[in-house]
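Colleague: The sequence isn't on hand, but the structure is:
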């Protein structure tokens, strides 16, 4: 079967491709990831989109609840307790920022499926770390540990991706730009 395919394609089956393929060698090297790297980036991008959407939903629901409490105070004619509104608004703004960052990182990872740039992955690590901190500080139910575990797993998976695919391709780019430094 191998000889039939070899005669049809004209290529040897003995060449094994690396996870990156160099395109032109004229100083404009481009690195194209293999299918596994694309799938991992797709999973990360999808996770960050879903995580950002979930945090946005939680933020909107909390904003509606806080607005309802504020309107109850106004309808009763009683003043809003001092110091009550500022920390709540700060928490809502923090969750909104984390939500927008997660959505942005998710879109960025999905747009970078055909590249090996590590920037979206590093931004994802920071976004997950911020999510873990926000969850641990401001959630009171037991689901915060499950969400924190999921984010910790995503951080671990992203670091693993950077170690396996990202840094290797960066070394290759550096060697191609500065061949005298290649070792």
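Modeller: Now that the structure is in, tell me what you want to look at. Just so you know, these numbers come straight off a predicted model, no measurement behind them.
Colleague: use CA for all of it now, contacts and neighbours both
Modeller: Fine.
Colleague: can you give me the helices in this protein?
Modeller: All helices of the chain, identified by DSSP state H, fall at 2-9, 35-76, 85-111, 119-138, 143-161, 167-177.
Colleague: can you redo these as JSON lines with mean neighbour count and mean pLDDT?
Modeller: JSON lines is the format used below for the helices of the chain (neighbours: other CA atoms under 10 Å; pLDDT from 0 to 100):
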{"stretch": "helix 2-9", "mean neighbour count": "10", "mean pLDDT": "49"}
{"stretch": "helix 35-76", "mean neighbour count": "17", "mean pLDDT": "87"}
{"stretch": "helix 85-111", "mean neighbour count": "19", "mean pLDDT": "89"}
{"stretch": "helix 119-138", "mean neighbour count": "19", "mean pLDDT": "89"}
{"stretch": "helix 143-161", "mean neighbour count": "16", "mean pLDDT": "89"}
{"stretch": "helix 167-177", "mean neighbour count": "16", "mean pLDDT": "56"}
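Colleague: my guess is residue 132 contacts residue 150, does it?
Modeller: No. With contacts counted by CA atoms under 8 Å, residue 132 stays clear of residue 150, the gap being 9.3 Å.
Colleague: If we ignore the residues flanking it in sequence, what's nearest residue 151?
Modeller: In space, and not counting its chain neighbours, residue 151 is closest to residue 128: 5.6 Å by CA to CA, 6 or more residues apart in numbering.
Colleague: Could I get the contacting residues of the one you found?
Modeller: Residue 128 makes contact with 151-152, 154-155, according to CA atoms under 8 Å, 6 or more residues apart in numbering.
Colleague: What is the nearest of those residues to residue 81?
Modeller: residue 151 (35.7 Å; CA to CA).
Colleague: Surely the closest one is in contact with residue 129?
Modeller: Yes. In terms of CA under 8 Å, residue 151 counts as a neighbour of residue 129; the distance is 7.4 Å.
Colleague: For stretch 49-60, report the contacting residues that lie outside it.
Modeller: Contacts of stretch 49-60 (CA under 8 Å, 6+ apart): 92, 95-96, 98-107.
Colleague: For those residues, please prepare JSON lines with the additional fields distance to residue 120.
Modeller: JSON lines is the format used below for these (distance: CA to CA, whole Å):
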{"residue": "92", "distance to residue 120": "25"}
{"residue": "95", "distance to residue 120": "20"}
{"residue": "96", "distance to residue 120": "20"}
{"residue": "98", "distance to residue 120": "15"}
{"residue": "99", "distance to residue 120": "16"}
{"residue": "100", "distance to residue 120": "14"}
{"residue": "101", "distance to residue 120": "11"}
{"residue": "102", "distance to residue 120": "11"}
{"residue": "103", "distance to residue 120": "12"}
{"residue": "104", "distance to residue 120": "9"}
{"residue": "105", "distance to residue 120": "6"}
{"residue": "106", "distance to residue 120": "8"}
{"residue": "107", "distance to residue 120": "9"}
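Colleague: Cheers, nothing more for now.
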